[in-house]
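J.: Dropping the sequence and predicted coords here.
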Amino acid sequence: PAATQGKPAAGAGAATPAPQGKPSAAKGAAPVLNANLSVDPLQLLIHPNAPSSMLDRPFMALAVAVLTNTDLDLTVNLEPRVRHALLGLEDGSGTIYGHGPLPLESCSDGDENELPGLSNTSMAVQDAWMEYAQSLTQLQEDQRLKGIAMTLEHALQTRSYLVGHKLSMADLALFAALGWPTTVEIKEKVLNALADYPCATRWVRMLACHPALQKATQLAMSGDGSTNTATEVVFDTSTTLEPLVPGMNPLEGATPGNVVTRFPPEPSGYLHIGHAKAVLLNDYYARHYKGRLILRFDDTNPTKEKQEFQQSIMDDLEHLLNVHPNVVTYTSDYFGVIQQMALKLIADGNAFMDDTPQEQMKEERAARIESKYRNTQTPEEAKQLFLDMCEGKPDTEKWCLRAKIDMKSDNGTLRDPVLYRQNLTPHHRTGIEFKAYPTYDLACPIVDSIEGVTHAMRTTEYKDRDEQYQWIQSALGLRRVQIHSFSKVDFQYAVLSKRKLTWFVEQGLVTGWDDARMPTVRGVVRRGVQVPALKTYIYSQGASKRVVNLVWNSFWAENKKILDSTAKRYMAIDATNHVPLTITNAPTVESESYVETSFHPKDPSIGKRTVRIAQNVILETIDVEGIEVGESIVLMRWGVVKITKVETADGDDKKVNHLEGEFVPNGDFKACKRKLSWLANVPDAAAVALTEFDHLITKDKLEEDDKFEDFVNATTIATTRVTGDAGLKTLQQHDIIQLERRGFFRVDRPYMSEDKPIVLYMIPDGKAKAMSGLVGKLGHH
């Protein structure tokens, strides 16, 4: 197919804006059909390692797209199979390619060669500069740089831009001819060549730090950031970014200091683990790019929202997830603005009022049947009905505001969605000031644009709604926001629905929202989840669109890496199911003897502890099964004991009741098969309650038609009483320890007395079963 005709632009194949609103081919750009490479409409493919120089990338075309806010219409990908930049035509009829800045045309509301809102200078002047830039591309680099330097020095003696008082196509063309010196390496090279030309130097420095030109550079160098070949461009050595953590890719078009992300929870419940990926990704990108993170409460439904939930979210972010937003905002602060935006949609014929019953409306939207009001209601009528609804007048509760988009669309979210509904429930922040509230679908794109969000990170569940999001911003003439989609994480053996979690609380199956069995942030942290491990796991998945099933054992294994390096070691023995051992040559109880050992066998810097030793010690029953006279065993952190006597139960030679032995100074540890935990049987030992947990449901992944109540786990908690080191009495709530050969535990309640022992919550380690054989009462997960 022939390329779309358009006015050719000078300047290394530079782009010029066209009024159509979408990129199209320029005259002279060769259309190509590639049978081996599929290119989607408005998909721009760029070779990740463009040959020869920066002139081989479509910087100028992308700069025009950024300046005209149409870069969001393009999907920019790095593709090693293309030699030159390749663009899929909007109508899907073929592709075009070009050398250097791809000859695309971007949208404009004005004349073809003018950037909207910028210079109004005549086309002839701009054309002259652009033709001059084009003529320089045939020169050697040193000749080209010197020629441009001399020309700029003369032209910029009394002005900042080449044409008019704003950035124009002329500036872009000359900047492209210089090699697009936005990056540190090329900028330094060009500035060295322009050292004797102060006006030209000033102009280069000014354009090199222009946000739109830097964004265009980042897009051209790394595309949408989704490939391993994507790199982050360095624009200024003073703002060099830290390397991305493993798993994370560059954020599309992001440049240092110019990234604003947001986390918009609804204050209708506690944060759960499903929110973790969204908040951690938003926080990571904001910090990585030295930008800003907005915590915005999406409080548009007063029926479900409470101050309690709002405060809990803020507390969990700060104290548990260590996320500190730059600013906290509320959608409710913009209710007045959103209402005016709704009136604009009505006035422009882009919205109407409807009283169709909800079920009927649902059926009509599914059948693509238009509302009876869609084409019969005047904007004046719709405005009055909307205002009456917002004032809470009688008989207006049945009305709602609907967008007028496309009832024939295959995308169901575009079939005239509801934007506003009446709700007379007092709002927890605004009281009874408002009687009708916007839906999230209307409020989110408006507030994102107003608050300066640059990248709206949304899960792929919202993919269909993304087009609706963009339609609202376009219909209202708002600054458009880049949508960055990422997949949600599916958690095995978990339900994340607020309704279902509320059911568990109300049925008394858990003690509350912070119960260690609950998938809330509070619950999993109480269980022993370490936030650094959670971040590492989430980051390793990256901001990809591939749905990930979180296998809990894989996560717990990552969690264990942190625990293993810092947890102090102690020992504990079952309080009832144990076997006494008398060591005939050991110190008596009265002597109060101790041995000193490290808290951590691999890290002496953590400190040392003293361990009580005595003639009478206790061992785990399972550890002494099959033990024989003459066998030597290792009592961990103490030494070797040789068994001299084995007493068994009457009629059961396998059940050991009592052992005797003698301590072997400097005994051979390696020669002993059994290396056992133990405890001196002395009065100052600590009473300990070990608590284990199991999943709330028994099915790893509930299907859509499953009734979750049918899969509720009947036994999800078990407690074992043990006797432990006296040092356990000194531990504080939230401390993490390891009971040797039993596992890792978190202190949920410190030791108070024999009747109120220290309560330790078992933390899974990712293994299918305990390696020591000291199994608990529930599954080892």
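T.: Right, received. Where do you want to start?
J.: part of a helix, is residue 66?
T.: Yes - assigned with DSSP: H, G, I helix; E, B strand; the rest coil, residue 66 falls within a helix.
J.: Tell me, how many residues neighbour it?
T.: 23 (other CB atoms under 10 Å). C-beta here means a position set from N, CA and C on the backbone, and glycine is covered the same way.
J.: residues contacting it?
T.: Neighbour list for residue 66: 212, 213, 215, 216, 219, 253 [criterion: CB atoms under 8 Å, 6 or more residues apart in numbering].
J.: what do you get for residue 639?
T.: Listed by CB under 8 Å, 6+ apart, the contact partners of residue 639 are 663, 664, 665, 667.
J.: Select only the buried ones of the residues you listed in ChimeraX?
T.: Remark: buried members of the contacts of residue 639, expressed as a ChimeraX selection using 16 or more other CB atoms under 10 Å:
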select :663,667
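J.: Residue 123: which of the contacts of residue 639 is nearest?
T.: residue 667 (95.5 Å; CB to CB).
J.: pLDDT wise, what is the closest one at?
T.: We note a pLDDT of 92 for residue 667 in this prediction.
J.: The one 4 residues further on too?
T.: Note for residue 671: predicted pLDDT of 93.
J.: how many neighbours does it have?
T.: Neighbour tally, residue 671, other CB under 10 Å: 9.
J.: circling back: switch the contacts of residue 639 over to JSON lines; also include distance to residue 158 and secondary structure.
T.: What follows is the contacts of residue 639, written out as JSON lines (distance: CB to CB, whole Å; DSSP: H, G, I helix; E, B strand; the rest coil):
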{"residue": "663", "distance to residue 158": "96", "secondary structure": "strand"}
{"residue": "664", "distance to residue 158": "96", "secondary structure": "strand"}
{"residue": "665", "distance to residue 158": "95", "secondary structure": "coil"}
{"residue": "667", "distance to residue 158": "93", "secondary structure": "coil"}
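J.: Surely residue 715 touches residue 698?
T.: No - counting by CB atoms under 8 Å, residue 715 sits too far from residue 698 to count as a contact (10.2 Å).
J.: Give the intersection of the neighbour lists for these two.
T.: Between them, residue 715 and residue 698 share no contacting residue, judged by CB under 8 Å, 6+ apart.
J.: Where in the protein is the helix or strand with the lowest mean pLDDT?
T.: strand 24-25 (a mean of 37; mean pLDDT, DSSP states H and E).
J.: quick one on the thing from earlier: in JSON lines, list the contacts of residue 66 along with secondary structure.
T.: Shown next, in JSON lines, are these (three-state DSSP):
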{"residue": "212", "secondary structure": "helix"}
{"residue": "213", "secondary structure": "helix"}
{"residue": "215", "secondary structure": "helix"}
{"residue": "216", "secondary structure": "helix"}
{"residue": "219", "secondary structure": "helix"}
{"residue": "253", "secondary structure": "coil"}
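J.: which of those tops the neighbour count?
T.: Result: residue 216 is most packed of the contacts of residue 66 (other CB under 10 Å), 30 neighbours.
J.: Pull the contacting residues for that residue.
T.: 59, 60, 62, 63, 65, 66, 71.
J.: try it again with 10 Å
T.: 57-67, 71, 76, 101, 172, 180, 182, 210, 253, 255 (CB atoms under 10 Å, 6 or more residues apart in numbering).
J.: And for residue 360?
T.: If you count contacts by CB under 10 Å, 6+ apart, then residue 360 has 369, 371 around it.
J.: ok, now residue 643?
T.: Contacts of residue 643 by CB under 10 Å, 6+ apart are 581, 624, 627-633, 659-662, 674.
J.: For ChimeraX, what selects the buried ones among those residues?
T.: To isolate in ChimeraX the members of the contacts of residue 643 that are buried, counting by 16+ other CB under 10 Å, one can use:
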select :581,624,627,631,632,633,659,660,661,674
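J.: Distance check, the residue lying closest to residue 763 once chain neighbours are set aside against residue 567.
T.: Nearest residue to residue 763, sequence neighbours excluded (CB to CB, 6 or more residues apart in numbering): residue 528, at 3.2 Å. Taking CB to CB, to the nearest Å as the measure, residue 528 falls 10 Å from residue 567.
J.: Could you pull out the residues contacting both of those two?
T.: In contact with both residue 528 and residue 567: 560, 736, 744, 745, 746, 763, using CB under 10 Å, 6+ apart.
J.: quick revisit: among residue 715 and residue 698, which residue is more densely surrounded?
T.: A count of neighbours by other CB under 10 Å puts residue 698 above the other of residue 715 and residue 698, at 13 against 9.
J.: Next up, phi/psi of the more buried one, please.
T.: phi -100, psi -10 (degrees, to the nearest 10).
J.: before we move on, what about residue 661?
T.: The phi/psi pair for residue 661 (degrees, to the nearest 10) is phi -170, psi 180.
J.: Return the residues in contact with it.
T.: By CB under 10 Å, 6+ apart, the residues touching residue 661 are 581-586, 617, 627, 629, 631-633, 635, 640-646.
J.: Among the residues you listed, which ones are in strands?
T.: 581-583, 617, 632-633, 635, 640-646 (DSSP state E).
J.: show me where the stretch 201-350 of the chain has strands.
T.: 260-263, 292-297, 327-330 (DSSP state E, counting those that start in this stretch).
J.: Let me know which of those strands is tucked in deepest.
T.: Highest mean neighbour count among the strands of the stretch 201-350 of the chain (mean count of other CB atoms under 10 Å): strand 260-263, with a mean of 25.
J.: how about the CA coordinates for it, as CSV?
T.: The C-alpha coordinates for strand 260-263 follow below in CSV (Å, rounded to 0.1, in the frame of the first residue of the first chain):
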residue,chain,number,x,y,z
VAL,A,260,5.3,11.1,39.5
THR,A,261,3.5,7.9,40.5
ARG,A,262,0.5,7.3,42.7
PHE,A,263,-1.0,4.6,44.9
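J.: Remind me what that strand packs against, helices and strands.
T.: Contacts defined by 3 or more CB pairs under 10 Å, 6 or more residues apart in numbering; DSSP states H and E place strand 260-263 against helix 273-288, strand 292-297, strand 327-330, helix 440-450, strand 455-459.
J.: any chance of the ones you listed in CSV, with distance to residue 534 and mean pLDDT too?
T.: Listed next are those as CSV, based on distance: least, CB to CB, whole Å; pLDDT from 0 to 100:
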stretch, distance to residue 534, mean pLDDT
helix 273-288, 6, 93
strand 292-297, 17, 98
strand 327-330, 23, 97
helix 440-450, 26, 97
strand 455-459, 17, 92
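J.: As TSV, the ones you listed with distance to residue 154 would be great.
T.: What follows is the helices and strands packed on strand 260-263, written out as TSV (distance: least, CB to CB, whole Å):
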stretch	distance to residue 154
helix 273-288	43
strand 292-297	42
strand 327-330	47
helix 440-450	42
strand 455-459	42
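J.: Not counting sequence-adjacent ones, nearest residue to residue 747?
T.: residue 735 (4.4 Å).
J.: Tell me, how many residues neighbour that neighbour?
T.: The burial count for residue 735: 16, using other CB under 10 Å.
J.: Who are the contact partners of it?
T.: 567, 568, 728, 745, 746, 747, 750, 758, 760.
J.: average model confidence for stretch 524-537?
T.: Mean predicted lDDT for stretch 524-537 stands at 92.
J.: First-to-last residue distance for it?
T.: 14 Å (CA to CA, to the nearest Å).
J.: still on that earlier bit, so of the shared contacts of residue 528 and residue 567, which ones are in helices?
T.: residue 560 (DSSP state H).
J.: can I get the shared contacts of residue 528 and residue 567 in CSV with distance to residue 469?
T.: Shown next, in CSV, are the shared contacts of residue 528 and residue 567 (distance: CB to CB, whole Å):
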residue, distance to residue 469
560, 41
736, 43
744, 44
745, 46
746, 41
763, 41
